[in-house]
Each structure stands twice: as C-alpha cells, then as structure tokens.
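> Output the structure for:
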Amino acid sequence: MFRPVTAAEWTELGPAPIINGVYTGRLSAVAASPSNAGRLFVAGASGGVWRTTDGGLSWTPLTDALPTCAMGALALDPANENVVYAGSGEANYANHSLYGLGLYKSVNGGDTWQVLAADTFAGRTFARIVVSHADSSVLYAAVGYAGGFPARSAAKGHPLRDGPVGVFRSVNSGVSWTQLTNGLPSVAATDLVMDPSEATILYAAIGDIFGHPSNGVYKSTDGGNSWTLLGGGLPSGRGRISLAIAPSLPDRLYALVTLPATSTGGGASTDNLYRSDNGGATWTPTNPGSFQATYGWYLSIVLVEPADPDTFYAGGLTMLRGTAGGATYTDITPPHVDMHALAFDANGVLLCGGDGGVHRSLDQGDSWVDLNDGLGVIQFYPGISLHPTNPDFVVGGTQDNGTNRRDGTGLGWTHIFGGDGGYTALHPATPDTFFVESQGTGNLFRTMDGGDSFSYAGSGIVGSDRNCFLPPVTYRANNASTLLYATHRIYRSTNNGTNWSPISGDLTAGPPSAVRALVIAPSNVQTVYAGTNDGRVSVSTDGGSNWSVKLTNVPGWVRVKREIAVDPQNDSVAYLAVAQFGVDQLRRTVDRGETWLALDGDLPDVPVNTVAVHRVGSAGTLFAGTDTGIYTSCDDSQRWRKMGTNLPNVPVMDLVVNAGLNQLVAATLGRGAWSIPLPPDGDSDSNSLLDMFDFLAMQLCFSGSVGQPGFQSPGATCLNEFDLDFDGDVDLADATCLTARLEGP
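As a prediction, the model looks like this:
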C-alpha cells in the first residue's frame, strides 16, 4: 500500500563502526563515572551525547531530539554522577566545529534533558564545564567562538555568534550565568581547571587561536570573583592553551601552549608544554617537540595521572606520555591520530577520544583497544554515491576516516581509501568503476573493481589550483566516459578519468576562492551549474567551457557542498541551498539562474546545507538537508514538514535520490548515513487509498478551505496545486503532497 514520504521513517546505515580498523567519527569530550568503570559518556563533535554501561561494548545515543548534536564539553556532578552537563557547540575551531544552542542538563544519567541558557550561549561553543566539588550548584564554563577559516565561519551567521566569550559562572546549577570579567578579558577561553582540594582556586586558559595579546593563563583564588594573569616564564599572546592539574598534588600544573594560527589555518605548531610546581607562580618548559603539526588550534589536550603528578599525557596530532615531570617523553599514539579528549575511568584506566572515536589503554598508552562498536558518530562530507540497482551499496567520504563502502545490510562499512574522504562518482553503467579523493587538488583515484584497488586518476589536473579542501567531481549522465572536476576552474575528462584538461577560466572572484558545488543537468548535459565559496552561482550552457555569473554574495560553508540540485526533467529549473541563518535558505530558478524565488515559506530559520528533488510523473518533492535534520515540500510549495521522526537533529550534508529504487539517502555530519523509502511510481495495492485521496482533494477544492492547522487554500489554488484531472485518479506524488497538507505543520 502507498506510504506517504512524511509518514515513513529513517533506517540508520552506519558506519558504526568502520570494520577494518574499527573506527568511528570525531569525539570532542569524554566523561567517566567515578564509581563504575563500565559507565562512560562521550560527546560526538556533531553527533550528540552517548552513554555506555558495559564499558564500551554497546552505546546509546541520548540527545538526538535536542536542538543540536554539535557538542563541546561534558561534566558530571562530583556529588551526584546522575547529574550530567553537556555544553553544545564544539570548541575545536575547525570549519566543521559547529555552533551550539545552549547547555544541556540531565538529572537521571542522560535519560532526559532540559536545555538551559540558550540565550546566553547560543551561536558559540563550550571548551570546558567544571562543577564545584564543594557546592554542586556552582558551575564554571570556558566559552569560545564557533571556529573556522575565516574566523567564526562555523557559526553560519547565527545571530548570537558575536556574543560574549571567556569564563562564566552559575550559582544555581546552570539555570543562569554571569560572565567573569574582573581581571579576565572577554576573549575565547580554551580550558579551565579547579584545584581538587580547594574549590575557590581556579585556572583559566585564555587562548584565542589567532594569538590575542590577552592570551595566557589566569588564576583566581576567590571562586572566580577576581583573576590574575600568570607569568613566571609562561608566555602570553600565543595561541590556544590547554591545562591540567595533578589530582594528587594540586600545586602541579601543566600548560600546553600553541603558536598562533594564520588566517588560512596553518602556523599553529607547539610552542611548548610548561610545568609549574608552585600553583602557577613559575613555569618550566619541558620541550616535547612539535606534536600538533601546524594545527594546534584544533588538537590540544593534556591530562595528569590521578596518583602520579610526574606522569601526564598530551594529545595533538600524535600523543605523548610525559614522565618525570616532562623530563622524558614517549610516543603512545592510539591507532587513530588526532586527539581531542582524555579521561580516566573509575579504575584509573586511560581513555582517549579523537577523530577515530574512543580508545582505552590498560598500560598507560603502550597498547590500545577500541570502544567503537555501535558508536555511530561518523562525519560524512558531501559527495556520496549510490548503486543504481543495489540499495545496500553506498560509498562516501568522511572526516579524517577516508572513503568507506557499505555493501551489506548492517552498520559496518569497509574502509577503502585514506585521508579525509571527499566526493565520489560512480560510473552510470558499470558502478564497479568509481572515483574517490582525498583532500587537496588532484588527489583523485579510480577503482574498476568496486573499491578493492585504486589507481591515480588526476593526470592533467594542476596541483597548484585552488580547491575547497575536497573538490567536486561528477559524471555526465548520458556519457559514461565524460566527467567534470572543479578547482577554481573546471576540468573535463573524456576517457573516464585517464587524463584531464582545463576547459574554463576562473569561476571565482579571485584567490583564495574555489568551486564548492558542481552539478550537470540530468536532462541536458550541456547545462552545468556551479557554486563557489566566495558566493557566486554560475551557469554554463556548453558543457562547462563558458560561464555566466547569475548570483553573487551567496553565503555558506567554505568547503565542498551539494548545494545545487537541477530538476531531472528540466535543465532550466534548479534549486539552491544556502547554509546561513537569516537569509533566503532555499531558492529556485526556472530560467537557468536569471531570476530566483525564495521557497523558505514556513521552513525554520536554520542553515540549509543541501537540496535534492524527486520527480514522479509531473509532480515533484523537494528535500532540504539542514543543520537540524531534513524537511520536505511538494512541488515548490512554501509549506515544509520535518521528514520522519527518528532522524537525529544532526547537520545533513548530502542528499541523494535513487529514483530507480525509490530511495533517498542522507549523509550527516556526525551521525553517519540514513535511508528512507520514497513513494513508487505506481502501486497496484494502493487504489483504495488513492480513491480516498481523490475524494478528500475534491472536498478541498469545492469547499475552498479545510479546517486543518496552517491550511487555507481556495479551490482554484487547490486544483492547480494537486493537478487533479477529475477522472477518478490522483497520482502518488499528489497524494503525498495532500497528506502533508492535511496533517498540518
């Protein structure tokens, strides 16, 4: 029987985890029960809060229905571990370290939550939350801006993105907050620790990643009422700073200091890791070398052994164990690089969270085991591909976990290519042939055996061309040998990627910009649409050689996107998704970009990352992938409905329609891939239901309006909208639209 799209539910596809390597996506925080070693909480960077009660053998997502899954900090109340605080917004400053929407609090171990202080913290990020061990009603928070290059681009224009940052205090268990400014600057705070023996002593790291003059370590001895900048050999004015205090010797502190980041994201190698033996009065450099590469703004964490103040751990690109107070260092990097969180469980066992999920070591980092089975927090980048006849086959690129392939029915995927995985492109006739890429220009590779082996396929692409980190690549639908690839210009291959040649000029307004979106019209391969990360939308009518700029100043993510969708039947009709607050976020052109109409209607004011269109006969359905899930609308309507009830409020980065299999697949930044069935084009078992829709449509048209919430439509509009022909039939797409309208908003 016919099942409307709005009533269908999503099926999680994974990866949870990537089976060869047993990795999952990036974690931003780890918190452990002080009494039960099997009870842990982790925060996906944009995958929400998860809990295990069996030491990582299984995981349960806890915050899917909350306003955002972007997370930065976790804390348990020392007096009652069932009280859990989660600060939304990831304070790791990458382009994908997204803004938060307030503080989450649970009083029952994560079963239910309330959202606090959204007006205080929305649009920004949490680096650390500290609950006083002397009084559980007193909390402190280190707050920073949403990251990115350019600065704050990960806030996506949130209206509160420029609100106050620094250190905040609550004296009523998180309900309300006050910024602490007596001696503290209003500059991004990157860490915060409390003396384990005296709750009035705190240390705050002020660490604007670009090297603010006020950066440094500040100390308070009166619960945060006043603060003093520490010197004694500790530098000021550097970049990001991370702190750790020894539980067994509170006068022992460690500060990991990073050099300032450049405007393009480089430069931030390790300045030094400093030790203080006297509560911050003086500091000694321990000289660990540079283990943060050039992006210490993204990778910076330090933690001291509970019973040994001389042994500590420092995480960056790799991970070090310091002994004898930093006199010696040993590389103890877990199976996956890029560390963001460290903690000890109730048995004093080391836990590490990073870009590959969570790992545990029983021997101070000499060996590691993963705890990633069932932890579905993979971050997909745009550019997934679907098999034309096999609904279980999906291939896509992921953040720091390469390109992965699903070819079964479970949550496990196979890692098939390394690096940051980007765009993929499947051969339209022989899908065992497809392309994958890693970050940068020209890093394109082709498989002809379904992903078991790859050969280089970027010959002719100039490596110095500007790129959007992961350049788009796409096949022509009617020519199995022709592909297009985009840097700041367009390349074409006519021999299935063996060689490439540039065919266009620069589509941007100039350096450092590049093309972030590229789509060939399915019905006319001479029509090509492109979007650039300096806000241009251009159209070519000769296959990509010559271009005309149709829009400028379109905001959005600086990296690769699938922000343009072309109607599968009409190359003049295209849709544009805009990933920004406070603008027209969904637009349509019917004249190849000459004019654009906003289709936002009652869509919430939330960034739209991607758009897809599905045609069934003459009717169509639009799908908008937003920062908080997926919305659907029928035939360019101004009315939108949330699609399904079980998809987490997670950023959706890609939507791909498999029309032949009536399938829609969504790739998310933080919760892996999901699939939902679409209405088939014809269903012999649905006649009685269609008769009911036909009757209801007739009632709507001749009564002029219907008493459903949000629905007021005159009869003539209804006739046009539902395309009724009075012959007793309403097609399936019409029925879907009618269902959406009858159900109300």
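> Average the pLDDT values over stretch 127-144 and round to the nearest integer.
What stretch 127-144 shows for mean pLDDT is 98.
> first vs last residue of that stretch, how far apart are they?
Using Cα to Cα, to the nearest Å, one end of stretch 127-144 lies 7 Å from the other.
> Next, the buried residues of that stretch.
By 16 or more other Cβ atoms under 10 Å, the buried positions in stretch 127-144 come out as 127-133, 138-144. Glycine gets a C-beta too; all of them are placed from N, C-alpha and C.
> Just give the nearest non-adjacent residue to the residue most central in space within the chain, would you?
Nearest to the mean C-alpha position of the chain, by Cα atoms, centre = their mean, lies Leu669 at 3.3 Å. Among residues not flanking Leu669 along the chain, Pro651 sits closest, at 4.2 Å (Cβ to Cβ, 6 or more residues apart in numbering).
> That neighbour and Ala666 touch, don't they?
No: in this structure, Pro651 is not within contact of Ala666 by Cβ atoms under 8 Å, at 10.4 Å.
> Val302: which of the buried residues of stretch 127-144 is nearest?
Nearest to Val302 among the buried residues of stretch 127-144 is Arg128, at 12.2 Å by Cβ to Cβ.
> Dig out what that closest one forms beta bridges with.
Applying DSSP bridges to Arg128 gives these bridge partners: Ala142.
> Can you name the residues that contact it?
73, 75, 141-142, 189, 191-193 (Cβ atoms under 8 Å, 6 or more residues apart in numbering).
> and what of Gly38?
With contact taken as Cβ under 8 Å, 6+ apart, Gly38 is in contact with 52-55.
> just the helices in the stretch 51-200 of the chain please.
Using DSSP state H, counting those that start in this stretch, the helices assigned to the stretch 51-200 of the chain run over residues 118-121.
> hmm, I was thinking of the chain
Counting by DSSP state H, the chain has helices at residues 118-121, 687-703, 715-722, 732-743.
> So for the last one, mean pLDDT?
To tie it back to what came earlier, the one meant is helix 732-743. The average pLDDT for helix 732-743 rounds to 41.
> in stretch 416-428, what's buried?
Using 16+ other Cβ under 10 Å as the burial criterion, the residues of stretch 416-428 that qualify are 416-417, 419-427.
> Widest-spaced pair of those residues?
Maximum pairwise distance among these (Cβ to Cβ): 23.3 Å, between Asp420 and His427.
> Chain neighbours aside, what residue packs nearest to Ser35?
Of all residues not flanking Ser35 in the chain, Ala346 sits nearest, at 5.6 Å (Cβ to Cβ, 6+ apart).
> what residues are up against the one you found?
Listed by Cβ under 8 Å, 6+ apart, the contact set of Ala346 reads 32-37, 39.
> Serialize those to a markdown table and add fields for neighbour count.
What follows is the contacts of Ala346, written out as a markdown table (neighbours: other Cβ atoms under 10 Å):
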| residue | neighbour count |
| --- | --- |
| Ala32 | 22 |
| Ser33 | 18 |
| Pro34 | 13 |
| Ser35 | 8 |
| Asn36 | 14 |
| Ala37 | 16 |
| Arg39 | 20 |
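> Out of these, the closest to Ser248 would be?
Pro34 (15.2 Å).
> from what I can see that closest one touches Glu81, true?
Yes: counting by Cβ under 8 Å, Pro34 touches Glu81, with 6.3 Å between them.
> Give me the common contacts of those two.
Between them, Pro34 and Glu81 share no contacting residue under Cβ under 8 Å, 6+ apart.
> Next, the contact list for Gly25, please.
Applying Cβ under 8 Å, 6+ apart, one finds that Gly25 lies in contact with 44-45, 47, 355, 357, 377-379, 398-399, 401, 670, 672.
> 6 Å - rerun?
Counting by Cβ atoms under 6 Å, 6 or more residues apart in numbering, Gly25 touches 377-379.
> Just the buried ones from the residues you listed?
With burial judged by 16+ other Cβ under 10 Å, the buried subset of the contacts of Gly25 is 377-379.
> neighbours around the closest residue in space to His212 that isn't next to it in sequence, how many?
Spatial nearest neighbour of His212, excluding adjacent residues (Cβ to Cβ, 6+ apart): Val187 at 5.0 Å. Val187 has 18 neighbours, counted by other Cβ atoms under 10 Å.
> mind pulling up the phi and psi values for Val187?
Torsion angles at Val187 (phi, psi; degrees, to the nearest 10) stand at phi -130, psi 150.
> hang on, isn't it packed against Gly207?
No: judged on Cβ atoms under 6 Å, Val187 makes no contact with Gly207 at a distance of 8.1 Å.
> what's the spacing between the closest residue to Asn82 other than its chain neighbours and Ala32?
Nearest residue to Asn82, sequence neighbours excluded (Cβ to Cβ, 6+ apart): Gly109, at 4.5 Å. Gly109 is 13 Å from Ala32, where distance means Cβ to Cβ, to the nearest Å.
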